[in-house]
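# Structure for the following, please:
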Amino acid sequence: MELDLFLIGLLILTGLGAGMVDAIAGGGGMITLPVLMATGMSPVEALATNKLQGSFGSFGASLYFVRRKMVRLSEMKLLIACTFVGAVAGTVLVQMIDTSLLATIMPLLLVVVALYFMFSRSISDQDSERRISENLFAFTFAAAIGFYDGFFGPGTGTFFALAFVIMAGFNLKKATAHTKILNFTSNIAALIFFAIGGNIIWLAGFLMAIGQLAGGQLGARMVVTKGTRLIRPLVVVVTLTVSAKLFWQEYQNGSFEALLSIL
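So this is what the prediction gives:
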(Lines give C-alpha, C1' and ligand atoms only; values in the text may rest on other atoms or scores of the structure.)
Protein backbone atom coordinates (compact mmCIF):
# COMPACT_ATOMS: atom_id res chain seq x y z
CA MET A 1 0.00 0.00 0.00
CA GLU A 2 1.43 3.39 -1.05
CA LEU A 3 0.38 6.34 1.09
CA ASP A 4 0.51 9.89 -0.28
CA LEU A 5 -0.59 13.06 1.54
CA PHE A 6 -4.11 12.87 0.09
CA LEU A 7 -4.65 9.29 1.29
CA ILE A 8 -3.19 10.06 4.72
CA GLY A 9 -5.57 12.99 5.12
CA LEU A 10 -8.50 10.93 3.84
CA LEU A 11 -7.85 8.13 6.35
CA ILE A 12 -7.59 10.54 9.29
CA LEU A 13 -10.72 12.50 8.35
CA THR A 14 -12.66 9.30 7.71
CA GLY A 15 -11.68 8.05 11.14
CA LEU A 16 -12.81 11.34 12.70
CA GLY A 17 -16.27 11.21 11.11
CA ALA A 18 -16.76 7.51 11.79
CA GLY A 19 -15.64 7.89 15.40
CA MET A 20 -18.27 10.56 16.04
CA VAL A 21 -21.06 8.51 14.44
CA ASP A 22 -20.00 5.34 16.25
CA ALA A 23 -19.92 7.03 19.66
CA ILE A 24 -23.45 8.33 19.24
CA ALA A 25 -25.32 5.64 17.33
CA GLY A 26 -22.93 2.96 16.03
CA GLY A 27 -22.55 2.15 12.34
CA GLY A 28 -19.20 3.87 11.77
CA GLY A 29 -18.05 0.86 9.77
CA MET A 30 -20.34 1.98 6.95
CA ILE A 31 -18.05 4.98 6.56
CA THR A 32 -14.69 3.32 7.10
CA LEU A 33 -15.02 0.01 5.24
CA PRO A 34 -15.67 1.50 1.77
CA VAL A 35 -12.67 3.83 2.21
CA LEU A 36 -10.41 0.98 3.30
CA MET A 37 -11.57 -1.16 0.37
CA ALA A 38 -10.90 1.76 -1.99
CA THR A 39 -7.23 1.76 -0.96
CA GLY A 40 -6.83 -1.66 -2.58
CA MET A 41 -7.13 -3.87 0.49
CA SER A 42 -8.71 -7.29 0.25
CA PRO A 43 -12.06 -7.72 2.08
CA VAL A 44 -10.39 -9.61 4.93
CA GLU A 45 -7.66 -6.98 5.28
CA ALA A 46 -10.27 -4.20 5.28
CA LEU A 47 -12.33 -5.94 7.98
CA ALA A 48 -9.25 -6.58 10.12
CA THR A 49 -7.90 -3.04 9.71
CA ASN A 50 -11.37 -1.69 10.47
CA LYS A 51 -11.35 -3.50 13.82
CA LEU A 52 -7.98 -1.89 14.61
CA GLN A 53 -9.07 1.68 13.94
CA GLY A 54 -12.54 1.09 15.41
CA SER A 55 -10.97 -0.04 18.68
CA PHE A 56 -9.40 3.39 19.07
CA GLY A 57 -12.73 5.13 18.49
CA SER A 58 -14.60 2.98 21.00
CA PHE A 59 -11.70 3.45 23.44
CA GLY A 60 -11.87 7.25 23.07
CA ALA A 61 -15.63 7.27 23.70
CA SER A 62 -15.29 4.81 26.59
CA LEU A 63 -12.58 6.93 28.21
CA TYR A 64 -14.79 10.01 28.04
CA PHE A 65 -17.75 8.21 29.63
CA VAL A 66 -15.56 6.74 32.38
CA ARG A 67 -14.07 10.14 33.19
CA ARG A 68 -17.55 11.64 33.38
CA LYS A 69 -18.49 8.79 35.76
CA MET A 70 -21.35 7.69 33.54
CA VAL A 71 -20.02 4.13 33.83
CA ARG A 72 -18.14 2.36 36.61
CA LEU A 73 -15.79 -0.30 35.27
CA SER A 74 -15.72 -2.04 38.66
CA GLU A 75 -19.44 -2.75 38.23
CA MET A 76 -19.03 -4.03 34.67
CA LYS A 77 -16.45 -6.79 35.17
CA LEU A 78 -18.87 -9.64 34.45
CA LEU A 79 -20.41 -7.80 31.49
CA ILE A 80 -16.95 -7.21 30.01
CA ALA A 81 -15.84 -10.81 30.58
CA CYS A 82 -18.99 -12.31 29.01
CA THR A 83 -18.80 -9.94 26.03
CA PHE A 84 -15.14 -10.81 25.45
CA VAL A 85 -15.74 -14.57 25.59
CA GLY A 86 -18.75 -14.26 23.29
CA ALA A 87 -16.81 -12.18 20.75
CA VAL A 88 -13.91 -14.65 20.73
CA ALA A 89 -16.32 -17.54 20.14
CA GLY A 90 -18.01 -15.67 17.30
CA THR A 91 -14.70 -14.74 15.65
CA VAL A 92 -13.53 -18.36 15.75
CA LEU A 93 -16.83 -19.79 14.50
CA VAL A 94 -17.24 -17.35 11.59
CA GLN A 95 -14.10 -18.82 10.03
CA MET A 96 -15.66 -22.28 9.99
CA ILE A 97 -19.25 -21.93 8.70
CA ASP A 98 -21.34 -20.16 6.07
CA THR A 99 -22.90 -16.87 7.30
CA SER A 100 -25.07 -16.21 4.24
CA LEU A 101 -28.42 -16.93 5.98
CA LEU A 102 -27.58 -14.53 8.83
CA ALA A 103 -26.56 -11.87 6.30
CA THR A 104 -29.99 -12.23 4.68
CA ILE A 105 -32.00 -12.06 7.90
CA MET A 106 -30.13 -9.20 9.63
CA PRO A 107 -31.47 -6.32 7.46
CA LEU A 108 -35.03 -7.30 8.39
CA LEU A 109 -34.16 -7.41 12.09
CA LEU A 110 -32.45 -4.01 11.91
CA VAL A 111 -35.59 -2.47 10.40
CA VAL A 112 -37.59 -3.78 13.37
CA VAL A 113 -35.01 -2.28 15.76
CA ALA A 114 -35.18 1.10 13.99
CA LEU A 115 -38.99 1.11 14.25
CA TYR A 116 -38.73 0.36 17.97
CA PHE A 117 -36.37 3.29 18.52
CA MET A 118 -38.67 5.50 16.46
CA PHE A 119 -41.95 4.77 18.24
CA SER A 120 -41.26 3.27 21.68
CA ARG A 121 -42.20 5.40 24.68
CA SER A 122 -39.77 3.51 26.93
CA ILE A 123 -36.78 5.19 25.25
CA SER A 124 -36.21 8.43 27.12
CA ASP A 125 -33.85 10.31 29.45
CA GLN A 126 -35.32 8.48 32.46
CA ASP A 127 -34.44 5.03 33.77
CA SER A 128 -37.22 2.45 33.77
CA GLU A 129 -37.83 -0.85 35.53
CA ARG A 130 -35.08 -3.50 35.24
CA ARG A 131 -36.48 -6.74 33.84
CA ILE A 132 -33.62 -9.17 34.56
CA SER A 133 -30.72 -9.29 37.02
CA GLU A 134 -27.27 -7.92 36.15
CA ASN A 135 -25.73 -11.41 36.17
CA LEU A 136 -28.40 -12.87 33.89
CA PHE A 137 -28.02 -9.91 31.54
CA ALA A 138 -24.26 -10.53 31.34
CA PHE A 139 -24.54 -14.26 30.64
CA THR A 140 -27.29 -13.86 28.05
CA PHE A 141 -27.42 -10.50 26.24
CA ALA A 142 -23.81 -9.38 26.72
CA ALA A 143 -22.43 -12.76 25.68
CA ALA A 144 -24.85 -13.15 22.76
CA ILE A 145 -24.28 -9.68 21.31
CA GLY A 146 -20.54 -10.04 21.81
CA PHE A 147 -20.76 -13.31 19.89
CA TYR A 148 -22.70 -11.55 17.14
CA ASP A 149 -20.05 -8.83 16.84
CA GLY A 150 -17.31 -11.39 16.41
CA PHE A 151 -19.44 -13.48 14.05
CA PHE A 152 -21.03 -10.82 11.82
CA GLY A 153 -21.03 -7.28 13.25
CA PRO A 154 -23.38 -4.73 11.61
CA GLY A 155 -25.63 -3.02 14.17
CA THR A 156 -23.78 -4.32 17.25
CA GLY A 157 -23.88 -0.97 19.04
CA THR A 158 -27.61 -0.64 18.36
CA PHE A 159 -28.32 -4.12 19.76
CA PHE A 160 -26.30 -3.40 22.91
CA ALA A 161 -28.13 -0.10 23.45
CA LEU A 162 -31.53 -1.71 22.85
CA ALA A 163 -30.78 -4.50 25.33
CA PHE A 164 -29.71 -2.02 28.00
CA VAL A 165 -32.88 0.04 27.49
CA ILE A 166 -35.39 -2.84 27.40
CA MET A 167 -33.86 -5.40 29.75
CA ALA A 168 -31.70 -3.34 32.12
CA GLY A 169 -34.05 -0.34 32.26
CA PHE A 170 -31.36 2.21 31.38
CA ASN A 171 -32.16 5.61 29.90
CA LEU A 172 -30.76 6.07 26.39
CA LYS A 173 -27.80 8.22 27.42
CA LYS A 174 -26.73 5.71 30.08
CA ALA A 175 -27.29 2.81 27.67
CA THR A 176 -25.07 4.47 25.05
CA ALA A 177 -22.26 4.96 27.57
CA HIS A 178 -22.33 1.32 28.69
CA THR A 179 -22.62 0.19 25.07
CA LYS A 180 -19.28 1.78 24.16
CA ILE A 181 -17.48 -0.13 26.93
CA LEU A 182 -18.80 -3.45 25.64
CA ASN A 183 -18.27 -2.43 22.00
CA PHE A 184 -14.63 -1.72 22.80
CA THR A 185 -14.40 -5.13 24.49
CA SER A 186 -15.77 -7.03 21.48
CA ASN A 187 -13.57 -4.99 19.11
CA ILE A 188 -10.44 -5.94 21.05
CA ALA A 189 -11.42 -9.62 21.14
CA ALA A 190 -11.86 -9.71 17.34
CA LEU A 191 -8.73 -7.62 16.80
CA ILE A 192 -6.57 -10.14 18.65
CA PHE A 193 -7.62 -12.96 16.33
CA PHE A 194 -7.26 -10.84 13.19
CA ALA A 195 -3.76 -9.91 14.34
CA ILE A 196 -2.89 -13.57 14.86
CA GLY A 197 -4.02 -14.21 11.29
CA GLY A 198 -1.73 -11.45 10.00
CA ASN A 199 -4.50 -9.63 8.12
CA ILE A 200 -4.14 -6.11 9.54
CA ILE A 201 -2.62 -3.25 7.51
CA TRP A 202 -1.13 -1.54 10.54
CA LEU A 203 -0.05 1.80 9.08
CA ALA A 204 -3.45 2.54 7.52
CA GLY A 205 -5.21 1.42 10.69
CA PHE A 206 -3.12 3.66 12.94
CA LEU A 207 -3.59 6.67 10.66
CA MET A 208 -7.35 6.24 10.76
CA ALA A 209 -7.11 5.67 14.52
CA ILE A 210 -5.80 9.24 14.98
CA GLY A 211 -9.13 10.56 13.73
CA GLN A 212 -11.08 7.87 15.58
CA LEU A 213 -9.66 8.85 18.97
CA ALA A 214 -10.72 12.47 18.51
CA GLY A 215 -14.05 11.56 16.87
CA GLY A 216 -14.95 9.08 19.58
CA GLN A 217 -14.50 11.66 22.32
CA LEU A 218 -16.34 14.38 20.36
CA GLY A 219 -19.26 12.05 19.76
CA ALA A 220 -19.33 11.00 23.42
CA ARG A 221 -19.42 14.66 24.45
CA MET A 222 -22.43 15.22 22.18
CA VAL A 223 -24.18 12.25 23.81
CA VAL A 224 -23.73 13.89 27.21
CA THR A 225 -24.87 17.36 26.12
CA LYS A 226 -27.67 16.45 23.70
CA GLY A 227 -28.92 13.14 25.13
CA THR A 228 -31.97 11.42 23.67
CA ARG A 229 -32.77 14.34 21.34
CA LEU A 230 -29.60 13.49 19.37
CA ILE A 231 -29.18 9.76 19.95
CA ARG A 232 -32.69 8.57 19.11
CA PRO A 233 -33.02 10.04 15.58
CA LEU A 234 -29.42 9.25 14.70
CA VAL A 235 -29.81 5.61 15.78
CA VAL A 236 -32.90 5.34 13.55
CA VAL A 237 -31.12 6.90 10.55
CA VAL A 238 -27.93 4.86 10.97
CA THR A 239 -29.80 1.59 11.55
CA LEU A 240 -32.01 2.06 8.49
CA THR A 241 -28.95 2.99 6.41
CA VAL A 242 -27.07 -0.12 7.53
CA SER A 243 -30.16 -2.20 6.77
CA ALA A 244 -30.52 -0.67 3.30
CA LYS A 245 -26.86 -1.36 2.57
CA LEU A 246 -27.21 -4.99 3.65
CA PHE A 247 -30.46 -5.37 1.67
CA TRP A 248 -28.72 -4.13 -1.46
CA GLN A 249 -25.74 -6.44 -1.00
CA GLU A 250 -27.98 -9.45 -0.51
CA TYR A 251 -30.16 -8.48 -3.46
CA GLN A 252 -27.08 -8.31 -5.68
CA ASN A 253 -25.98 -11.72 -4.42
CA GLY A 254 -29.43 -13.21 -5.07
CA SER A 255 -29.76 -14.29 -1.45
CA PHE A 256 -33.31 -13.03 -0.94
CA GLU A 257 -34.61 -15.20 -3.78
CA ALA A 258 -32.99 -18.22 -2.14
CA LEU A 259 -34.56 -17.37 1.22
CA LEU A 260 -38.03 -16.93 -0.30
CA SER A 261 -37.75 -20.28 -2.06
CA ILE A 262 -37.00 -21.93 1.30
CA LEU A 263 -40.00 -20.23 2.96
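# which residues touch the closest residue to residue 247 other than its chain neighbours?
Once flanking residues are discounted, residue 247 sits nearest to residue 107: 4.5 Å by CB to CB, 6 or more residues apart in numbering. Placement of C-beta: from N, CA and C, glycine included. Contacts for residue 107 were tallied using CB atoms under 8 Å, 6 or more residues apart in numbering; they are 242-244, 246-247, 250.
# And for residue 64?
Residue 64 touches 216-217, 220-221, 224, counting by CB under 8 Å, 6+ apart.
# Neighbour-wise, which one of these leads?
For those, neighbours were counted using other CB atoms under 10 Å, and residue 216 has the most, 33 neighbours in all.
# separation between that residue and residue 247?
According to CB to CB, to the nearest Å, residue 216 and residue 247 sit 28 Å apart.
# just the contacts of residue 107 now: which is nearest residue 63?
Within the contacts of residue 107, proximity to residue 63 (CB to CB) peaks at residue 242, which comes in at 25.4 Å.
# Tell me the predicted confidence for the closest one.
Residue 242 carries a pLDDT score of 76 in this model.
# can you give me how far the helix or strand where it lies is from the chain middle?
Assessed by DSSP states H and E, residue 242 sits inside helix 228-253. Its chain's C-alpha centre and that of helix 228-253 lie 12 Å apart, by CA atoms, centre = their mean, to the nearest Å.
# ok, back up a step: ok, of the contacts of residue 107, which come out buried?
242-243, 246-247, 250 (16 or more other CB atoms under 10 Å).
# how about these in a markdown table, adding distance to residue 44?
Below are these laid out as a markdown table (distance: CB to CB, whole Å):
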| residue | distance to residue 44 |
| --- | --- |
| 242 | 20 |
| 243 | 24 |
| 246 | 19 |
| 247 | 23 |
| 250 | 20 |
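# quick one on the thing from earlier: filter the contacts of residue 64 down to the ones in helices?
Residues of the contacts of residue 64 located in helices (DSSP state H): 216-217, 220-221, 224.
# from these, which two are the most distant?
Farthest apart among these - using CB to CB - are 216 and 224, which lie 13.0 Å from each other.
# For this protein, name the helix or strand with the lowest mean pLDDT.
Using mean pLDDT, DSSP states H and E, the weakest-scoring helix or strand in the chain turns out to be helix 255-262, at a mean of 48.
# from the buried ones among the contacts of residue 107, which is closest to residue 36?
residue 242 (16.7 Å).
# tell me which element residue 153 is part of?
Applying DSSP H and E, one finds residue 153 in no helix or strand.
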